[in-house]
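Visitor: make a model of this:
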Amino acid sequence: MSFRFVVGSMVVSFLVSGCATWSQSQVTNPNTAIKEIKQVSPDQVQLTEGDMTNRPYVSLGDLTVTVNKTTIFHPEPTKEMVDAKLKEEAAKLGADAVIYVRYGTVGISALSWGSLDGKGRAIQFTGN
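Guide: So this is what the prediction gives:
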């Protein structure tokens with residue numbers, strides 16, 4: 001194998017690897033009492049690091065998301081990226097908000113050049 005072939009293959013790999021990050025998510029302790037999932041846009045979901053004591057709510061489940069960067073050339077994952085992923089996953093559950101939002105640290109793993117974790121509890125408001 002020639003040096004040019006190896007270098008060319010590496011360049012092509014970097015070019016086709018894309019410019020986006022990838023992410024993963026998980027819902028634990030899902031509330032199975034909720035029979036119908038309402039349609040919610042991620043833009044409608046509120047995020048807070050504390051509790052929401054001004055309105056009654058039911059818990060839909062605990063969310064865990066991880067945002068990863070694909071290559072060393074991509075920017076580090078940000079809290080804004082994690083917030084967007086938390087809102088997206090909460091909207092899939094029909095949540096009005098995510099409470100107790102917290103963030104992990106940026107790190108490098110075997111499958112990623114950097115990642116940032118986020119956790120929170122998806123809730124749906126009840127009553128007035």
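Visitor: contacts only, for residue 50.
Guide: Applying CB atoms under 8 Å, 6 or more residues apart in numbering to residue 50 gives the contacts 99-100. Where you see a C-beta, it was placed from the backbone N, CA and C, and this is true even at glycine.
Visitor: next one: it, what pLDDT does it get?
Guide: Per-residue confidence for residue 50 comes out at a pLDDT of 97.
Visitor: look up how far residue 119 lies from it.
Guide: Look at residue 50 and residue 119: by CB to CB, to the nearest Å, they are 14 Å apart.
Visitor: overlap in contacts of those two?
Guide: Shared contacts of residue 50 and residue 119, counting by CB under 8 Å, 6+ apart, come down to residue 100.
Visitor: paired strands for whichever strand or helix holds residue 63, with orientation please.
Guide: Taking DSSP states H and E as the definition, one finds residue 63 inside strand 57-69. Sheet pairing of strand 57-69 (DSSP bridges) gives strand 21-28 (antiparallel), strand 112-125 (antiparallel).
Visitor: what is the mean pLDDT for that strand?
Guide: Averaging pLDDT along strand 57-69 yields 93.
Visitor: how about stretch 89-103?
Guide: The predicted confidence, averaged over stretch 89-103, sits at 97.
Visitor: ok, and the closest non-adjacent residue to residue 108?
Guide: Closest residue to residue 108 in three dimensions, ignoring its sequence neighbours and counting by CB to CB, 6 or more residues apart in numbering: residue 114, at 5.8 Å.
Visitor: noted, bye for now.
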